[in-house]
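>>> build the 3D model from these lines:
(one chain, ligands or ions: 2)
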Amino acid sequence: MKVAPSILSSDFSQLGKEIKRITEAGADYIHIDVMDGVFVENITIGPCVVAAIRKLTEVPFDVHLMITDPARYIKAFAEAGADIITFHVEAAQNVVETINIIKSYGKKVGLSIKPKTSVEEIIKYLKLIDLVLVMTVEPGFGGQKFMFDMMKKVKSLKKEIQAKNLNTLIEVDGGINEKTAQIAASNGADICVAGTSIFKSADIKQAIENLR
Ligand code: DX5
Ligand code: ZN
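Ligands and ions are numbered 1, 2, ... in the order given. The predicted structure follows:
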């Protein structure tokens with residue numbers, strides 16, 4: 001299992017130090033939650049912050065756009081240094097067009113679904129994307145409880161990916177700790193996002209290793 005610490009749970013007053021800390025602790029990706037206060041009820045990070053922290057680490061940036069009409073901001077996040085740009089199937093006006101915009105900047109494409117969205121909404125796009133992000137909490141805030149029900153989606157995505165011989169990775173996000181990471185991995189997840197369980201632990205290196 002690859003591990004993507006979510007900086008949403010980091011100490012924003014020490015963001016630079018936090019980026020260095022998770023880099024040294026061995027993060028596989030750095031997960032950056034972008035929220036617009038419309039698609040979800042919270043406002044977080046914009047492209048200028050991504051550009052600022054880009055200088056501090058070589059670890060790939062996994063940018064999770066929880067914003068309405070994400071196509072409008074692909075260019076800004078691509079130029080700020082995102083490596084993977086993930087948007088929500090529920091938020092895009094035209095999913096295929098948005099995928100193609102991300103590809104046109106040479107970035108990896110992720111597509112995400114909220115807990116209430118059925119897995120069918122995303123299955124049809126699997127061959128066009130690099131990563132599928134299954135939300136295991138309602139997006140908007142860190143520190144929520146893992147929704148075990150979402151494992152059905154992970155299972156059917158894995159089945160589909162294997163049947164079609166695709167390389168699409170499955171990522172899970174929300175309520176991930178040692179226990180739930182193991183459950184997600186056994187259902188087919190390749191990457192886990194974790195905020196609280198990493199940043200609130202006394203030894204983040206150990207926390208990442210345990211998740212892995
Ligand atoms: C929620 C975000 C998550 C969040 C996860 O909307 O997408 O990435 O930071 O936080 P934890 O690990 O605390 O559930
Ligand atoms: Zn996220």
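>>> name the element the residue in the chain positioned nearest to ligand 2 belongs to?
Closest residue of the chain to ligand 2, CB to the ion: H64 (3.8 Å). For the C-beta atoms, the positions are set from N, CA and C on the backbone; glycine is no exception. Assigned by DSSP states H and E, H64 belongs to strand 61-66.
>>> run through the neighbouring helices and strands of the lengthiest helix in the chain.
In the chain, taking DSSP state H as the definition, the longest helix is helix 151-163. Under the contact definition 3 or more CB pairs under 8 Å, 6 or more residues apart in numbering; DSSP states H and E, helix 151-163 sits against helix 120-123, strand 131-135, strand 169-173, helix 178-187.
>>> and G26, which of those is closest to it?
Nearest of these to G26, taken as CB to CB: helix 178-187 at 15.1 Å.
>>> any chance of the helices and strands packed on helix 151-163 in a markdown table, with mean pLDDT too?
A markdown table is the format used below for these (pLDDT from 0 to 100):
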| stretch | mean pLDDT |
| --- | --- |
| helix 120-123 | 97 |
| strand 131-135 | 98 |
| strand 169-173 | 98 |
| helix 178-187 | 98 |
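>>> what residues does this structure have near ligand 1?
6, 8-9, 31, 33, 64, 137, 139-140, 142-144, 173-176, 193-197 (CB under 6 Å from any ligand atom).
>>> same thing but 5 Å
6, 8, 33, 139, 142-143, 173-175, 193-196 (CB under 5 Å from any ligand atom).
>>> just want the most central residue of the chain.
By CA atoms, centre = their mean, the mean C-alpha position of the chain lies nearest to H64, the distance being 4.9 Å.
>>> that one contacts F39, correct?
No - in this structure, H64 is not within contact of F39 by CB atoms under 8 Å, at 11.3 Å.
>>> for I101, find the nearest of the helices and strands packed on helix 151-163.
strand 131-135 (16.1 Å).
>>> got the buried residues for stretch 11-18?
Buried residues in stretch 11-18, counted by 16 or more other CB atoms under 10 Å: L15, E18.
>>> and what about F77, helix, strand or coil?
helix (DSSP: H, G, I helix; E, B strand; the rest coil).
>>> if I pick it, what's in contact with it?
F77 sits next to V34, P47, V50, V63, L65, I85 when contact means CB atoms under 8 Å, 6 or more residues apart in numbering.
>>> what about it, distance to Y105?
Plainly put, F77 is 9 Å away from Y105 if you go by CB to CB, to the nearest Å.
>>> return the subset of the residues of the chain next to ligand 1 lying in helices.
Going by DSSP H, the helices hold T196 from the residues of the chain next to ligand 1.
>>> and ligand 2, which of the residues of the chain next to ligand 1 reach it?
D33, D173 (CB under 5 Å from the ion).
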